[in-house]
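1. Here is a sequence together with a model predicted from it:
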Amino acid sequence: MFFRRKMTIDPELVRELSKLLEETGLGEIEIERNGQRVRVARESAARSAPVPATAARPGAKVLLTPAVEVAENLSTHPGAVLSPMVGTAYRANEPGGKPLCAVGDKVRAGQALLIVEAMKTMNAIPAPRAGTVKQILIEDGQPVEFGEPLAIVE
């Protein structure tokens, strides 16, 4: 028989990560120890839906799972543009440059919407179909996982 042991989060670890987040100005920190993953991220006004979390400090949230339920739901959306790789997502071709697309833009099939950098290679992420950009689900410079929804085009 397989028994799953309930794991508890060390509150001191959460406090340390939250403090480090504030000191460095980073948007999020994620660590994995002994098979347990803890991610501390700043609260962002750009989020389209609330994220289940436990407050660690004002302005920071602790996420106990890397895959948020909302993101899982969006990945099955018929207009979802999914990341084809693990990397860092960018909205423009260069730092400080004009974003490749914005919410409300009309795009054609194959048009570059975002860039995902993987292993020092910039990969354009094309629109899978013609339509209107309804949502952009990432922030510039955000780490992304394979299959993570990046945008919605309808």
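-> Perfect, I can see it now.

2. Now do the buried residues in the helix ranked longest in the chain.
-> Looking across the chain with DSSP state H, the single longest helix is helix 11-24. For helix 11-24, the neighbour count (16 or more other CB atoms under 10 Å) marks Leu13, Val14, Leu17, Ser18, Leu21 as buried. Every C-beta, even on glycine, is put in place using the N, C-alpha and C of the backbone.

3. what is the residue nearest to the third one when sequence neighbours are not counted paired to in the beta sheet?
-> Sequence neighbours aside, Val40 is the residue nearest to Leu17 in space, at 4.3 Å (criterion: CB to CB, 6 or more residues apart in numbering). The bridge-partner assignment for Val40, based on DSSP bridges, gives Ile29, Val62.

4. hang on, Val40 packs against Thr24?
-> No - with contact defined as CB atoms under 8 Å, Val40 and Thr24 do not form a contacting pair (11.5 Å).

5. list the helices and strands the longest helix of the chain packs on?
-> strand 28-33, strand 36-42, strand 54-57, strand 60-63 (3 or more CB pairs under 8 Å, 6 or more residues apart in numbering; DSSP states H and E).

6. weakest of those strands by average pLDDT?
-> Ranked by mean pLDDT, these end with strand 54-57 in last place, scoring a mean of 43.

7. Show me what counts as buried in stretch 75-87.
-> Ser75, Gly79, Ala80, Val81, Leu82, Ser83, Met85, Gly87.

8. May I ask which two of those are separated the most?
-> In terms of CB to CB, the buried residues of stretch 75-87 reach their longest pairwise distance at Gly79 and Gly87, which sit 21.7 Å apart.

9. which residues sit in contact with Pro78?
-> Listed by CB atoms under 8 Å, 6 or more residues apart in numbering, the contact partners of Pro78 are Glu154.

10. Need the three-state assignment for it.
-> coil (DSSP: H, G, I helix; E, B strand; the rest coil).

11. taking the buried residues of stretch 75-87 one by one, which sit in helices?
-> Counting by DSSP H, the buried residues of stretch 75-87 contribute Ser75 to helices.

12. In a markdown table, list the buried residues of stretch 75-87 along with distance to Ile136 and pLDDT.
-> Formatted as a markdown table, the buried residues of stretch 75-87 follow (distance: CB to CB, whole Å; pLDDT from 0 to 100):
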| residue | distance to Ile136 | pLDDT |
| --- | --- | --- |
| Ser75 | 15 | 73 |
| Gly79 | 12 | 85 |
| Ala80 | 12 | 88 |
| Val81 | 9 | 91 |
| Leu82 | 14 | 90 |
| Ser83 | 13 | 90 |
| Met85 | 18 | 91 |
| Gly87 | 16 | 91 |
